[in-house]
Each structure stands twice: as structure tokens, then as C-alpha cells.
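1. sequence and computational prediction follow.
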Amino acid sequence: MRKILYLALSFAFACNSSQKATTPSKEAPSYDPVPYAKIITEQDLKDHLYTYASDEFEGRETGKPGQKKAVEYLKNHYVELGISAAQKNGNYFQEVPLEISGMPEGTLSVNGKKFAMGEDFVTFQSPPKDQYKAEEIIFAGYGIEDAGYSDFKDLDVKGKIILTLVSEPKNADGTYVISGTTSASKWSDIKISMPDRLDIAAKKGAKGVLMLDSRNYPMIAGQFQFMKERAGSGRMQLKGGNDDDFFFAFINDNVARQISPDLEKIKNGTAIDADFDLEFTGKAEEVISENVVAFIKGSEKPDEYLVISSHLDHIGISEDGQINNGADDDGSGTVALLEIAKAFKKAADAGVTPKRSVVFLHVTGEEKGLLGSDYYTRHPIFPLENTVADLNIDMIGRIDPEREGDRNYVYLIGSDKLSTELHNLSEEVNKKYCNVELDYTYNDDNDPNRFYYRSDHYNFAKNNIPVIFYFNGTHEDYHKPGDTPDKINYDLLENRTRLVFYTAWEIANRENRPVVDKATE
């Protein structure tokens, strides 16, 4: 998952352990999922994970040799099972073009006054152009567009540079406009909301965004200097980003006051006269990575698609040479997806092909900013409008210390955010087959961890595709070399994997797709 006491458990907790597995009849295929769920076993999960999270894979950092070994391992699994590649050309790899932006140099001139990169403004990526000039800046409030609130209403920013504040609006009584309560929404967390802010501005046609963050600017500038001195490179991103002519930069009060000394009095949408000249120099290193995508074609509704996802990458090798194996994050989700695929294939081989198509999506670059899932949803192999749901698995092999002594659980996030029906289906499937405690602690809109925005399901949710995120919580080895296969609770991994399989089976074979009754704009 992107950064940010074992007790004995009887097998009575195992999913559907009370039901006897039967061999499906070849004469009369049955859609009873129990025999196929039993194909998912602790031992097979363990065998996969001890390879996938071994030192040989070098922590699976995006674009590195270990990640290349990982995608070959995944591809070979699908080839051996006889599960088809999702792409029509038969390639299991969806190439994801990435780049690591060199830390840019630059100068900014506003109304004749010059400012230096790293002092009064910073950006962490080299923009596509070397120079941006403007004669006016559009003040766009907080740069937010949400259900019931928009800073862009009746505002044309196409081809313009906009200035936004990094926060969110409040009512006169101190409550937040968007939440309607004293609790802030995601927009108050710049780490979570910045990708959405930039995406919104780019979709509106803005040429660039200047973000004023007076409170956090010293920290942001400090991080810029650290990265410049320590690494000499910026962050990894999709090649081309949101727009071929789009940039963003954080600015401090010095720049903001030079644009307008009375910024706090300016109304949203005001065009501010400003002689603006921004020049960049910087380089970007191209990186090629891959999503691995396989699928089983549906028997009755082949043009409707259920996606089951997990991320194949981790954080690689630490500066001291220690390998971060990522057994839980997200080796556990990866091997769960392999076993779920095997169960669906065994069913299909027995004459019980799922009615809808099932897509097995292993995404790259999650640890770099949900990049693989972002690319897939921008360049989908199967139409997003025909994608009925995404079940995302990210860390399901261990126990949250907060759940010590009560291990028969899994955290569910997002199940009710877009579809009440999907949430109810999930609950019913669990009661029928598993009786795992579905813990919604992190599903709370006010959860300070913001896990809903921190794994690959979120890129599907942004496109109004119902999602469920399966998660065991963080632990002492999160993003550390101690996240190794020997610390995985394989009985829990089996149970949780079967739960995902049962839920996927129900979605893939029910008559109607889950209704989206809480769509966002």
C-alpha cells in the first residue's frame, strides 16, 4: 500500500468451512462457488509468496530489474493456467510510460520582480515547456470541484494560469462548506487532494496552477532542497501527465503579494493583471513499466467487466542495501489475485464460466502515486462504462496491532461510497459463506489516514465505478525490510482471499450489475 500478537485460531473461522465441498457435475454445471473457493489454499498462497516476496525480486521497485522479474512471474502463471491476456494482441503486459523528472531549475518574474526556484516557488517536476508567459492570472479560490460546491462554476480558465489557495471553504459559523460539519473533507489534506486539484484544473483547460500554501510552504521548500541535494531527481509520474501544456508550482506569500497585495479581498473568478514570466530548465528520465492484465470472457454478459486488482510493485532496496520484500504490501494481494484467477479458471474448465467477464489486473507504480491504475483508467483495455465494479486487494496477510486478540476480521473501505447495492451484496456474501468481521473503521469519511484515497481502487471510484478495498491495516513492518513472507498469517490470507472470491463470484454471476446510486460529478 502507498505510503503513508498472533493468537491460535481454529479452522472453524475458515470461509464456509461448515459446507462440504463437492465435485461439480459435468452433466449439470452448478454455480455453487464453494468447490472453487476450496481451490484457494494456504499452501498455494504460501508457495507463491515465498517466491514473489523473495530477495530475488529485489523489492519490486517500479521500473527496476526486480519489478521486471515480478511481471514475468505473473504472466507465466496466467499462461500456465490457460487464462487469456486481456489485450487483443495477446500481450499480458500493458505498457505504462513513466518518467522521473529531474529536479528543475527556474526563475519567475512577476511585474518586474524576480523570484528564485527553491526560495519563493518550487515544483517537483519538469514541465513540458521551457517558458510560460501571461498578462493576467485568474484567481480560482480553492481550485475545488465537489458535489454541491465548485470554484469553477461559470468560470472559464481555458488557456489561463490560475492561482488557488490550499485549503477549503468554511461557513460563517466555522463549519466546512463541503462536509457541512466541523470536520474537514479530503480537500484540507494537500497530500491527498493535490492530484485531484491538478486533474480538475487540467480538465478545465488551465495552462498552469499556482498553489499558495502559506502555512506549509517552508516544509515544502525544505523537501525540495532535500530532494535536490540528496537525490538530484524529482518524482515519478505518468509520461505527459495530465496535459501536454500544463504545469503547477507552489508559491509563498512573497510571490502571491506581488501578484496581488490584496489577495484576501479578491473574489473568486477575478482576473488579476500581472506581467508573468516563468522559465524552467530540467530533464526527465523515461521509465517503462507494465501492468499485467488477464481475463476470462463472460458466458452471458461478455461486454460487462468485473475488475479484481492488486498492485505488483513495492519500494525496492533501501539506501543501506536492505531489501524491502513487501510480503504483505502487496505480495499478499498479488498472490490472492493469482489464486482467485485459478479458482475462476477451474470453474470455467468445469463448464461454469462466469456470466460477466472477469479482469485480473496487477498494476504497477502504486507506491509512486497509484500510477498503474491511473494509466489503466485513462487508457482502459475494456470500457470503463461497462466496468461494473473493482475489488481491490492491498495488504491482507497480517494483523493490525489494534486488532490484537481478535484476528478474524478484514477492513473494508469504499463499499458504500458509490453503491448501496454493492455494500449490501458484500455483507450478504460474507454472512452466507465466511462470517469474517467486516470492520469499517477506515471507511469513515473523517478517517485521518485517508486510506480510501491511497490505493488503486480510488482511480476507479473517481470514474464512478463501485469499489471495495480489502485491507488488514498497517503494522510495525509497513514499508520496512521486516515485511517478509514468514510473518504472514496464511490461514487469514486464505480466508480473506476466499471472501474476495465469493464476492467476485456473486458480482460476476448475478443478473444485474450493482446500481450506482451515489455518483459523484
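-> All right, it came through fine.
2. phi, psi for residue 185 please.
-> With angles defined as degrees, to the nearest 10, residue 185 sits at phi -90, psi -180.
3. typo on my end, it should be residue 451
-> phi -60, psi -30.
4. excluding sequence neighbours, find me the nearest residue to it.
-> In space, residue 451 comes closest to residue 442 once its chain neighbours are excluded; the distance is 4.7 Å by Cβ to Cβ, 6 or more residues apart in numbering. In short, each C-beta sits where N, CA and C put it, glycine included.
5. give the phi and psi angles for that neighbour, as a check.
-> phi -90, psi 0.
6. how deep is it tucked in, by neighbour count?
-> Residues lying near residue 442 (other Cβ atoms under 10 Å) number 20.
7. and what of residue 190?
-> 16.
8. do residue 104 as well
-> Around residue 104 there are 23 residues (other Cβ under 10 Å).
9. which residues touch it?
-> 117, 123, 125-127, 234, 280-282 (Cβ atoms under 8 Å, 6 or more residues apart in numbering).
10. quick one, what contacts the closest residue to residue 289 other than its chain neighbours?
-> Once flanking residues are discounted, residue 289 sits nearest to residue 364: 4.3 Å by Cβ to Cβ, 6+ apart. Going by Cβ under 8 Å, 6+ apart, residue 364 touches 62, 67, 71, 96, 289-291, 311-313, 371-372.
11. what's the answer for residue 451, then?
-> By Cβ under 8 Å, 6+ apart, the residues touching residue 451 are 1, 4, 411, 413, 442, 469, 471.
12. burial measure for residue 440, as a count.
-> 14.
13. that one contacts residue 412, doesn't it?
-> Yes. Shown here, residue 440 and residue 412 form a contact pair, counting by Cβ atoms under 8 Å, at 6.0 Å.
14. give me the pLDDT for residue 456.
-> Looking at residue 456, its pLDDT reads 98.
15. you'd agree it is up against residue 393?
-> No. Between residue 456 and residue 393 there is no contact, the gap being 9.5 Å when judged by Cβ under 8 Å.
16. more crowded one of these two?
-> Neighbours per residue (other Cβ under 10 Å) separate residue 456 from residue 393, with residue 456 holding more: 33 against 28.
17. next one, pLDDT for the closest residue to the more buried one other than its chain neighbours please.
-> Using Cβ to Cβ, 6+ apart and skipping the chain neighbours, the partner closest in space to residue 456 is residue 373 (3.6 Å). Note for residue 373: predicted pLDDT of 98.
18. any buried residues in the one helix or strand residue 373 maps to, and which?
-> Per DSSP states H and E, residue 373 falls inside helix 371-378. Within helix 371-378, the residues that count as buried by 16 or more other Cβ atoms under 10 Å are 371-377.
19. repeat that for stretch 140-154.
-> For stretch 140-154, burial by neighbour count (16+ other Cβ under 10 Å) applies to 140-146, 149, 151-152.
20. nearest to residue 186, of these?
-> residue 146 (8.9 Å; Cβ to Cβ).
21. scan this protein for its longest strand.
-> strand 284-296 (DSSP state E).
22. now whichever helix or strand comes after that strand: how far from the chain's centre is it?
-> Sequence-wise, the next helix or strand downstream of strand 284-296 (DSSP H and E) is strand 301-311. Here the centre of strand 301-311 is set off from its chain's centre by 16 Å, with Cα atoms, centre = their mean, to the nearest Å.
23. now the angle from strand 301-311 to helix 371-378?
-> 160 degrees (axes from the mean of the first three to the mean of the last three Cα atoms, to 10 degrees).
24. list the buried residues for strand 301-311?
-> 301-302, 304-311.
25. now swap in stretch 319-335 and tell me
-> By neighbour count on 16+ other Cβ under 10 Å, the buried set for stretch 319-335 is 323-335.
26. what's around the residue nearest to residue 37 when sequence neighbours are not counted, how many residues?
-> Distance criterion Cβ to Cβ, 6+ apart; nearest residue to residue 37, sequence neighbours excluded, is residue 498 at 4.7 Å. Residues contacting residue 498 under the criterion other Cβ under 10 Å number 29.
27. could you identify the helix or strand that succeeds the least confident helix or strand in the chain by mean pLDDT?
-> Using mean pLDDT, DSSP states H and E, the weakest-scoring helix or strand in the chain turns out to be strand 233-238, at a mean of 77. Remark: after strand 233-238, the chain's next helix or strand is strand 247-251, criterion DSSP H and E.
28. can I get the following helix or strand past that following strand as CSV, trimmed to CA atoms?
-> Next in sequence after strand 247-251, counting helices and strands by DSSP H and E, comes helix 253-259. In CSV, the C-alpha atoms belonging to helix 253-259 read as follows (Å, rounded to 0.1, in the frame of the first residue of the first chain):
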residue,chain,number,x,y,z
ASP,A,253,3.4,34.9,0.2
ASN,A,254,6.1,36.9,-1.4
VAL,A,255,5.0,35.8,-4.9
ALA,A,256,1.3,35.9,-4.0
ARG,A,257,1.6,39.5,-2.8
GLN,A,258,3.5,40.5,-5.9
ILE,A,259,0.6,39.2,-8.0
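29. check which helices and strands helix 253-259 sits against.
-> Packed against helix 253-259 by the contact rule (3 or more Cβ pairs under 8 Å, 6 or more residues apart in numbering; DSSP states H and E) you find strand 105-110, strand 113-116, strand 208-212, strand 271-281.
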